[in-house]
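Undergrad: Take this sequence and fold it.
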Amino acid sequence: MIPDFDLAQLPIVNIAASLAIILLMLLIRLAAGHAIRSRTRAAPHQQRRWEANIRNLLFFLALVGLVLIWAPQLRTFALSLTAVAVALVLATKELILCFSGSFMRTSSRAFSVGDWIEIGGIRGEVVDHSVFVTTLHEFEPGSFSYAGRTAVVPNSAFLGQPMRNDSLMRDHIHLCFSLTVDPAIDVFAERGAIEEMVSRRYASGSKEGTRADAALKERLGVNLPDDAVQISFRTTDLGRYRIDIGLVCPTRLADSLQNDITCEVMSYLHRRARRQRPEEAASEGQTDGAAREEGASSRA
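TA: Numbers count the residues shown, from 1 in each chain. Sure, this is the predicted structure:
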């Protein structure tokens, strides 16, 4: 009499099925990646986005398949080793948080490959993201120029820190920067000249900036300032004067535009300060001379 074996209960069958699923997912990923790179003319960041989405989808399908295959063994293991399972959860707390952060990112559609984001003081372009980490190509501080560095951020950071996405207007940005001036320089008397210099430097990108600003208002449905250039004057906690400048400009011009405006405005203010010093010294000398003459006449 031939014994009746249940092949589904043999570990070798589960192992073979698991290897088959993993091999199938790898083949699909390689084929999809080759098809995307060779048969599409999309931008590089768009191709990376498709590859990342396909890889994450295949990982999820493989995970579901492995769970279904090993479900009886996992159930037995979980029931018999409850204490070990609790200890395992505590030991893998960070991995669970990373997985939760990945789920939060996916469900909220906070960003995708190719977006420009800032998280925990790190700014850069998202080049890849997985279940546990997100990879960024970093920008230089205060600009959108690549720094030549790669930052790997754990997805758990998205649960405890605010994240900013700067890709709403990828080709245009709302450039905001400040100039700090010594109180000896009267910036309020030079307001008209400063506004004229900023407007003249901004003229090259004003048309594109105005169109981008209108598109942003229509897309978001919010009331943004109508002026293309916003200039405000404030003071700092240290008693210095601060000039805040904000404008919408093409991203490719942001760094050069900020540098040109800063150099021209600060150079102009310093020239005005040097011209004012001799005049102030002369007026002070005249005042002292008059005081001395008045004192001499009173003594006489």
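
Undergrad: pretty sure S232 contacts V198?
TA: No - under the criterion of C-beta atoms under 8 Å, S232 makes no contact with V198, lying 11.8 Å away. For the C-beta atoms, the positions are set from N, CA and C on the backbone; glycine is no exception.

Undergrad: More neighbours: those two, which one.
TA: Neighbours per residue, other C-beta atoms under 10 Å: of S232 and V198, the larger number sits with V198, 21 against 10.

Undergrad: How about the contacts made by the more buried one?
TA: Listed by C-beta atoms under 8 Å, 6 or more residues apart in numbering, the contact set of V198 reads 229, 231, 245, 247, 261, 265.

Undergrad: May I have the predicted confidence score for it?
TA: Predicted confidence (pLDDT) for V198: 88.

Undergrad: The helix or strand harbouring T106: what's the following helix or strand?
TA: Assessed by DSSP states H and E, T106 sits inside helix 93-108. Downstream of helix 93-108, the first helix or strand assigned by DSSP H and E is strand 116-119.

Undergrad: What helices and strands are in contact with whichever helix or strand comes after that next one?
TA: Going down the chain from strand 116-119, the next helix or strand is strand 122-129, by DSSP H and E. Secondary-structure packing of strand 122-129 (3 or more C-beta pairs under 8 Å, 6 or more residues apart in numbering; DSSP states H and E): helix 44-69, strand 116-119, strand 133-139, strand 146-154.

Undergrad: now these as TSV including mean pLDDT and distance to A17?
TA: Shown next, in TSV, are the helices and strands packed on strand 122-129 (pLDDT from 0 to 100; distance: least, C-beta to C-beta, whole Å):
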stretch	mean pLDDT	distance to A17
helix 44-69	87	5
strand 116-119	86	39
strand 133-139	90	29
strand 146-154	87	32
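
Undergrad: now the ones you listed in CSV, with mean neighbour count and distance to R109?
TA: Shown next, in CSV, are those (neighbours: other C-beta atoms under 10 Å; distance: least, C-beta to C-beta, whole Å):
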stretch, mean neighbour count, distance to R109
helix 44-69, 16, 12
strand 116-119, 20, 13
strand 133-139, 19, 14
strand 146-154, 14, 18
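
Undergrad: Just put the ones you listed in JSON lines and tack on distance to M25.
TA: Putting these into JSON lines (distance: least, C-beta to C-beta, whole Å) gives the following:
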{"stretch": "helix 44-69", "distance to M25": "5"}
{"stretch": "strand 116-119", "distance to M25": "28"}
{"stretch": "strand 133-139", "distance to M25": "20"}
{"stretch": "strand 146-154", "distance to M25": "23"}
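
Undergrad: For L238, find the nearest of the ones you listed.
TA: L238 lies closest, by C-beta to C-beta, to one member of those: strand 116-119, at 26.6 Å.

Undergrad: Who does the closest one pair with, and is each partner parallel or antiparallel?
TA: If you go by DSSP bridges, strand 116-119 pairs up with strand 122-129 (antiparallel), strand 163-165 (antiparallel).

Undergrad: The ones you listed: lowest mean pLDDT?
TA: Across those, strand 163-165 gives the lowest mean pLDDT, at a mean of 83.

Undergrad: What residues of the following helix or strand past that one count as buried?
TA: Following strand 163-165 in sequence order, the next helix or strand is strand 172-181 (DSSP H and E). Neighbour counts using 16 or more other C-beta atoms under 10 Å place 172-175, 177, 179, 181 of strand 172-181 among the buried residues.

Undergrad: Can you name every helix or strand that strand 172-181 contacts?
TA: Against strand 172-181 (3+ C-beta pairs under 8 Å, 6+ apart) you get helix 206-220, strand 241-250, helix 251-299.

Undergrad: rewinding a little: go through the helices and strands packed on strand 122-129 and name the closest to V89.
TA: helix 44-69 (16.6 Å).

Undergrad: how much does the closest one deviate in direction from strand 133-139?
TA: Put simply, helix 44-69 runs at 170 degrees to strand 133-139, going by axes from the mean of the first three to the mean of the last three C-alpha atoms, to 10 degrees.

Undergrad: Any idea how far helix 44-69 is from the middle of the chain?
TA: 25 Å (C-alpha atoms, centre = their mean, to the nearest Å).

Undergrad: V181 versus E190, what's the distance?
TA: Distance of E190 to V181, given as C-beta to C-beta, to the nearest Å: 10 Å.

Undergrad: overlap in contacts of those two?
TA: L269.

Undergrad: Would you double-check that F233 falls in a strand?
TA: Yes - assessed by DSSP: H, G, I helix; E, B strand; the rest coil, F233 belongs to a strand.
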